[in-house]
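>>> Structural data only, the sequence is not supplied:
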């Protein structure tokens, strides 16, 4: 047949070129121009009796048919109380602030905590993605964030590939983060006994010992992560997403202000030690999501995540949301999320001996069951103007240490339930 | 266009969607009027009645003509928009159910062949009596232009369907499901193709053919022999990025006759080839 003569160049290739010349009409310039969009958001998260975070974000994105540029600036302030991990006692306790200057009292039977007055953080991130052809794109990103005690720099490299008539999307990305941790007053010597001014004959003797315990000012941690994801259209009505993430962090993982109490058989605190966590953390996370579309623009969004790491933390997350349209301008999504976590192997609310190499009483490493009730609402103001509201209510119910605690500690609640609320408002134009 | 035409645009506001649909529809109507061979007030009428004189083509005509010329060379003369006089001989309907006489075919072939056309942009000179017919490209072109109009006005999901030749775009989470009429009868949601972005076009003889002496004559003519392509499939559907591409590939595949499927497999495009033996 005649077309075999052109077999060196496929007919489909010749036709694709010829048709692009045919369809390249004069007004195509407008299709090639870059379209800019801006998103601004404010977010407020507040834990009942604990910390609160207030955040402002602005993101500008410029997309053309070939590439996308993205710049994001963020500013947030953390303030409030955070538990230091020591157990309550029947008598009032005194703790020295990280600077070593101020002593703070904790009332009898109260969980000791320290106060974060006002801790601001700034972040900037840049992203660039380039389409190499209709199916393949690569991306590059960089991020820098700075706050008084933590500086983070990260770079990311990603690529995305469509196959199967764009019914399948494959993405693979790598990220490297280098963090410098600079706790207030220096990093506490891990595992060391926490000292108290009252135990020293003079202020000079105390200060000298305090300085020795906080001689290191800079600590480092780096994290490498890899993320692989597949988006697959199953049918006109269903979309599935599956992803897997692995990350490996090395370096300083302690929270310099957290400690664990050493107790006696009666459950009374003898003294406190600064927490010690392993120097490496390897995390695995697998996520599956199914989106079902129904008539009338209703979407059922269901997700499941499984997480495990070499610290023994293991969690399951189930989430479900239903999106629907309300009138011609509103889109509303009530959401429910259930999260269950098993404690880290070295999580301990109190130590009865000094045998364990690693220990932490950080409530974030405790066994817990959290439920989130949320609602998202998007309102279309104009052709490309959207106002979005998100309101969420968190119920966190951490559990007691699996090992029974002795004596006095049975009379106090070491892991009270905590409620939190989140409100965010964003405007995109 | 002698087939049902549909336009869908997904936007939050109905008035925005209607506005966009109207713009796209008026572009399609403009193309239909500009390239129709049933009108006397368009450039095609002047070209086809130029009596051997050169005619200046507008930019759009020039682009469509040059595209047709490329397909003509690519197919070694099998795809030929000057084969109109042959079509007048072969009337594929119930009233006339026999092949034309060999002499009549030979006479018609005298007026066929883009090789005989003189083209120097923008000037086109046809031999007197020759007629061009853009019907094999203009419908797919109209689909693509309507799609482009929508794409130029934002990122709305859309589906353009002019008689089974479609082009669409959707978010990954809400792809279009397009049933292929000739492949699945009745068309239903289970047989077809899921498209996020792209086009599908069908060339076919399922409805326009006759049988004589045990031979089935479909409406795809080989302009070199003046006779229907032997063993042409009943229909060919192809998925490509643009409707023009999909339509051209499906037409070229039909012209391959028995080799239609092999041709499409070589092109590496998603396709369906329906033959009489498959058709109950």
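Good, I have the coordinates. Predicted model, so just to flag it, every value in this text is computed and none were measured.

>>> where does the stretch 301-429 of chain A dip in pLDDT?
Low-confidence segments of the stretch 301-429 of chain A, defined by pLDDT under 70, span residues A:383, A:401-403.

>>> for the stretch 201-350 of chain A, what spans make up the helices?
Counting by DSSP state H, counting those that start in this stretch, the stretch 201-350 of chain A has helices at residues A:203-213.

>>> hang on, I meant chain B
B:14-35, B:43-48, B:59-74, B:84-89, B:102-109, B:135-152, B:243-255, B:260-267 (DSSP state H).

>>> Equivalent analysis for the stretch 1-150 of chain A, please.
A:11-23, A:28-32.

>>> ok, the longest one near chain B or not?
When you say that, I think you mean helix A:11-23. Yes: taking CB under 8 Å from any CB of the partner chain as the criterion, helix A:11-23 and chain B are in contact, through A:11-12, A:14-16, A:18-23. The way it works is simple: take the backbone N, C-alpha and C, and place the C-beta from them, glycine included.

>>> roughly how far apart are the closest residue to chain B within the stretch 301-429 of chain A and residue A:36?
The minimum distance from the stretch 301-429 of chain A to chain B, using CB to the nearest CB, falls at residue A:380 (5.0 Å). Relative to residue A:36, residue A:380 is positioned 19 Å away (criterion: CB to CB, to the nearest Å).

>>> Would you confirm that residue A:318 contacts residue A:338?
Yes: with contact defined as CB atoms under 8 Å, residue A:318 reaches residue A:338; the gap is 4.7 Å.

>>> Residue 46: neighbouring residues, count only.
Using chain A. 16 (other CB atoms under 10 Å in any protein chain shown).

>>> please go with chain B instead
Other residues lying near residue B:46 total 14 when counted by other CB under 10 Å.

>>> check contacts around it.
Listed by CB atoms under 8 Å, 6 or more residues apart in numbering or on different chains, the contact partners of residue B:46 are residue B:55.

>>> what about the residue nearest in space to the middle of chain A, distance to residue A:157?
By CA atoms, centre = their mean, the mean C-alpha position of chain A lies nearest to residue A:364, the distance being 12.3 Å. According to CB to CB, residue A:364 stands 30 Å off from residue A:157.

>>> ditto for residue A:51
Between residue A:51 and residue A:157 the computed distance is 34 Å (CB to CB).

>>> show me the contacts for residue A:103.
A:94-97, A:197.

>>> can you pull the pLDDT of it?
Residue A:103 carries a pLDDT value of 89.

>>> partners of it in the sheet?
residue A:96 (DSSP bridges).

>>> That one and residue A:92: what is the separation?
Per CB to CB, residue A:103 is found 11 Å from residue A:92.

>>> Quick check: residue B:5 touching residue B:163?
Yes: assessed by CB under 8 Å, residue B:5 is found in contact with residue B:163 at 6.7 Å.

>>> Which residue is it, in the stretch 151-280 of chain B, that comes closest to chain A?
For the stretch 151-280 of chain B, CB to the nearest CB, closest residue to chain A: residue B:177, 3.5 Å.

>>> neighbours around that residue, how many?
Residue B:177 has 18 neighbouring residues, counting by other CB under 10 Å.

>>> same deal with residue A:202?
Residue A:202 sits with 8 neighbouring residues when counted by other CB under 10 Å.

>>> give me the element the residue of the stretch 301-429 of chain A closest to chain B is part of.
strand A:368-382 (DSSP states H and E).

>>> which sections of the stretch 1-150 of chain A are below the confidence cut-off?
By pLDDT under 70, the low-scoring segments of the stretch 1-150 of chain A are A:1-9, A:25-33.

>>> do that again at 80, thanks
A:1-9, A:25-35, A:64-65, A:98-99, A:133-134 (pLDDT under 80).

>>> hey, where'd the strands end up in it?
Along the stretch 1-150 of chain A, counting by DSSP state E, counting those that start in this stretch, strands occupy A:35-47, A:51-63, A:67-83, A:93-96, A:103-106, A:113-131, A:136-147, A:150-163.

>>> near chain A, anything from stretch B:24-33?
No: contact of stretch B:24-33 with chain A (CB under 8 Å from any CB) is absent, the minimum separation being 10.3 Å.
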